[in-house]
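Enquirer: Task: produce atomic coordinates for the following.
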Amino acid sequence: MNREPPPPGPVLIYDRISANKRTTWLMMTIFVALLTGLVGVIVLAMGGDIGIVGVVGIGLIVYALVSYWISTNVVLSISGAHEVTKEEEWEFVRRVENLSIGAGLPMPKTWVLEDSAPNAFATGRDPNHAHVVVTRGLLDKLEPIELEGVLAHELSHIGNYDIRVMTVATVLVGLVALVSDLFLRYTMFGSGHRKSSRDKGGNGGMILLVIAIAGAILAPIVAQALRMAISRRREYLADASGALLCRHPEALARALEKISNDHEPLEAANKATAHLYISNPLREHQSFLNNLFSTHPPIEERIRLLRSM
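Expert: Got it, this is the predicted structure:
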């Protein structure tokens, strides 16, 4: 007896989730390789000075750990949101609770940002230390099923560990920028040591120094572009996972339409936190450079993909 093939919808969604995960981790590998290569070239250009490398290495590790652990508190403080309970925001908190149970996730802390522009984001180190933030405008302007679609998207960021991936990516960008800045300052003010390093290596040492300087200038730009590419991938992934969780991709598509068509500015938005929101709160005109460094994929494409599920 011939079996009918399974419906294609869920298979396509799972395939998309798997592809996004593979691409994201490939980008993260490139990220780490970029940082490692930059440090290696700089160490060689400096003549392998172990003392300086050791001090810088310890400083970078401390910087990375501190940045990772305090990032959530910094984000919440910058946003200006306040924590709410089920008694204060029953509809919002109840839906987060129900979706968390459906996704098998711990209940995140719930926050409201008192701003009339509709938007939302999730943050935290991992699912056990997660937070979901929505604006007052989102609660007021969306239908209940559309709100559920947005919350499913944000909980998918938590369940897919996007909140950790983006925190690590942000820390890595900071490390690349810090290493580049320290080396460029060293080449400007450490002339005595720089001369001895060149003398040791002759023309080879000079070429290596030029490569290191070029890398120090270009690496932060490449790192930032990679972080934005990872962010865009994670948005597609959260859309697909959120559609599975709420079982209503059209609701999320309608919510994205309403959010993107609302022209009220989000007062708390800035470039440091823009990548967290479900829709880019910083309105930017379309161009090659803006698309390359954009935190979000085109909203029209996200809506089209949701409606194709």
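
Enquirer: Strands of this protein, start to end?
Expert: Here the chain has its strands, by DSSP state E, at 82-83, 109-113, 120-124, 130-135.

Enquirer: And the ones you listed: which comes nearest residue 174?
Expert: Proximity to residue 174 (C-beta to C-beta) singles out strand 120-124 among the strands of the chain, at 16.5 Å. No exception for glycine: its C-beta is placed from N, CA and C like everyone else's.

Enquirer: could you give the angle of that closest one to strand 130-135?
Expert: If you take axes from the mean of the first three to the mean of the last three C-alpha atoms, to 10 degrees, strand 120-124 sits at 160 degrees to strand 130-135.

Enquirer: circling back: in CSV, list the strands of the chain along with distance to residue 181, mean neighbour count and mean pLDDT.
Expert: Output for the strands of the chain, formatted as CSV (distance: least, C-beta to C-beta, whole Å; neighbours: other C-beta atoms under 10 Å; pLDDT from 0 to 100):
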stretch, distance to residue 181, mean neighbour count, mean pLDDT
strand 82-83, 36, 12, 96
strand 109-113, 33, 21, 97
strand 120-124, 26, 25, 93
strand 130-135, 31, 26, 96
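
Enquirer: Redo the ones you listed as CSV? Include distance to residue 29.
Expert: CSV is the format used below for the strands of the chain (distance: least, C-beta to C-beta, whole Å):
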stretch, distance to residue 29
strand 82-83, 36
strand 109-113, 32
strand 120-124, 24
strand 130-135, 25
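
Enquirer: nearest to residue 171, of those strands?
Expert: Taking these one by one with C-beta to C-beta, strand 120-124 is closest: 13.9 Å.

Enquirer: picking that back up, nearest to residue 67, out of the strands of the chain?
Expert: Using C-beta to C-beta, the nearest of the strands of the chain to residue 67 is strand 120-124, at 13.8 Å.

Enquirer: where do the helices sit along the stretch 1-150 of the chain?
Expert: 8-45, 50-79, 90-103, 136-141, 144-159 (DSSP state H, counting those that start in this stretch).

Enquirer: hang on, I meant the stretch 201-309 of the chain
Expert: So, for the stretch 201-309 of the chain - with DSSP H, counting those that start in this stretch - the helices run 249-261, 288-292, 299-307.

Enquirer: okay, the helices of the stretch 1-150 of the chain, which one's buried deepest?
Expert: The highest average neighbour count among these, using mean count of other C-beta atoms under 10 Å, belongs to helix 144-159 at a mean of 24.

Enquirer: so that helix versus strand 109-113, what angle?
Expert: 120 degrees.

Enquirer: roughly how far is helix 144-159 from the heart of the chain?
Expert: Mean-position distance between helix 144-159 and its chain equals 17 Å (C-alpha atoms, centre = their mean, to the nearest Å).

Enquirer: what angle do that helix and helix 299-307 make?
Expert: Using the same axes, to 10 degrees: helix 144-159 against helix 299-307 is 100 degrees.

Enquirer: Output the contacting helices and strands for helix 144-159.
Expert: helix 90-103, strand 120-124, strand 130-135, helix 136-141, helix 191-246, helix 249-261 (3 or more C-beta pairs under 8 Å, 6 or more residues apart in numbering; DSSP states H and E).

Enquirer: In contact with residue 136, which residues are there?
Expert: 112, 113, 114, 115, 116 (C-beta atoms under 8 Å, 6 or more residues apart in numbering).
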